[in-house]
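S.K.: Need coordinates for the below:
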Amino acid sequence: MTCRRLLLKLPLLSLLPVRAGAAADAFDAVRPGVVLTLPRDHGAHPGFRIEWWYVTGWLERQGAADTGFQLTFFRVRQPAHDANPSRFAPSQILLAHAAVSDASHGRLRHAQKVSRAGFGLASAAANDLDVRIDGWHLVRQAKPERLFARVDGEDFAYALDFTPAQPVLRQGEEGFSRKSADPVHASHYLSWPQLSVSGSLTLAGATAPVRGRAWLDHEWSSALMPADAAGWDWLGLNLDDGGALMVFRMRAVSGGDLWAAATVRDAAGRRAIDAADIAFTVSRTWRSPRTGGRYPVELDIRVGVRVLSIRPLMDDQELDSRASTGAIYWEGAVTAFEHGRRAGRGYLELTGYVAPLKL
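M.R.: Just a heads-up that it's a prediction; the model follows:
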């Protein structure tokens, strides 16, 4: 077996479910009341089991239809290798997914990478945002503050710069985001909405300048999902009025919702929405011809007094990552409407619809 083939198999083992008790013994725990400090907490937290940096957005090109883009870097800790003194021990695994939602193509253009940390192949800095695998990277520059993303796939590439328009948004209880009634299932969770985007996008060999709006999420956890959870539905939305909305629900294997949470930032400031004031109503599903997964690609989501109708840029935005994380899920560009008018654009993530997610 070649080294590369071995690396492709490692993450499938590292993402197997871990009991909360076992996680408490082997990994750092997410706790309420922890003060998150920037820029340090933009960086990696290698003592936690899993971490991801997730940037999504919409891109505009002159003379062409708008497209969506997504880039996610994952870091996974494997404590079974902690005592191994070898530099080849895969104690930290880095993975990356990148995709472009191009309606003219009809389905996602997608690429993925995986590598153990070290040897100049992959790294995740601990003092600030700087994650890299081969030539792919997502990096923060301090002065002037900007972010940079570079991706080169087989039939697409992008080089994007992001300029913040507003401060980082701390989700949940000042960055402590519950995923169930039991607070052991939680993440530390930061969002950076309303990022102004400029750069270039290459599709099928043709490169064009782009501009747009993006959203960055950063989460880290050691016991994210309850044992009876099948997956989650998550929405990050840059509102047209300059505000931001994050809402998610954790779904049970037996059906129904285990937990829901939302955060809204508007002219009045940031506020959390109680689970009782959140509701997801499916208005249309799409069935994948490849996996058979049936995804709720059109949703009406009630958040407080607002009801947003979510519509996809295209139906087929299914992402098959069995070569890296092992998961199959739907992740795509969407538009939100309110009272028949456009209210914002963002990304919707739907997991656990082909098989229960093991994380």
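S.K.: burial measure for residue 208, as a count.
M.R.: 13 (other C-beta atoms under 10 Å). Every C-beta, even on glycine, is put in place using the N, C-alpha and C of the backbone.
S.K.: Distance check, the closest residue to it other than its chain neighbours against residue 76.
M.R.: Distance criterion C-beta to C-beta, 6 or more residues apart in numbering; nearest residue to residue 208, sequence neighbours excluded, is residue 61 at 4.8 Å. As for residue 61, its distance to residue 76 is 35 Å (criterion: C-beta to C-beta, to the nearest Å).
S.K.: More neighbours: those two, which one.
M.R.: Neighbours were counted for residue 61 and for residue 76 using other C-beta under 10 Å; residue 76 has more, 23 against 16.
S.K.: In this structure that one contacts residue 50, no?
M.R.: Yes - the pair formed by residue 76 and residue 50 meets the contact definition of C-beta atoms under 8 Å, at 5.4 Å.
S.K.: Any regions of the stretch 251-359 of the chain where pLDDT drops low?
M.R.: Across the stretch 251-359 of the chain, the ranges flagged by pLDDT under 70 are 323-326, 359.
S.K.: Partner strands of the helix or strand harbouring residue 51, with direction?
M.R.: Residue 51 is part of strand 50-61, with elements assigned from DSSP states H and E. Here strand 50-61 is paired, per DSSP bridges, with strand 64-77 (antiparallel), strand 206-223 (antiparallel).
S.K.: winner for burial among these?
M.R.: strand 64-77 (a mean of 22; mean count of other C-beta atoms under 10 Å).
S.K.: Check which helices and strands the helix or strand following it sits against.
M.R.: Downstream of strand 64-77, the next assigned helix or strand under DSSP H and E is strand 92-101. Here strand 92-101 touches helix 3-14, strand 64-77, strand 108-116, strand 122-124, strand 130-133, strand 328-338, going by 3 or more C-beta pairs under 8 Å, 6 or more residues apart in numbering; DSSP states H and E.
S.K.: Put the alpha carbons of the longest one into PDB.
M.R.: To tie it back to what came earlier, the one meant is strand 64-77. What follows is strand 64-77, C-alpha atoms only, in PDB (Å, rounded to 0.1, in the frame of the first residue of the first chain):
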ATOM      1  CA  ALA A  64     -22.100  35.000 -16.100                       C
ATOM      2  CA  ALA A  65     -24.500  33.600 -13.500                       C
ATOM      3  CA  ASP A  66     -23.600  33.800  -9.800                       C
ATOM      4  CA  THR A  67     -21.900  30.800  -8.300                       C
ATOM      5  CA  GLY A  68     -21.400  29.500  -4.800                       C
ATOM      6  CA  PHE A  69     -18.100  28.400  -3.300                       C
ATOM      7  CA  GLN A  70     -17.100  26.400  -0.200                       C
ATOM      8  CA  LEU A  71     -13.800  25.600   1.500                       C
ATOM      9  CA  THR A  72     -13.500  23.500   4.700                       C
ATOM     10  CA  PHE A  73     -10.300  22.500   6.500                       C
ATOM     11  CA  PHE A  74     -10.700  19.800   9.200                       C
ATOM     12  CA  ARG A  75      -8.200  18.900  11.900                       C
ATOM     13  CA  VAL A  76      -8.600  15.600  13.700                       C
ATOM     14  CA  ARG A  77      -6.600  14.400  16.700                       C
END
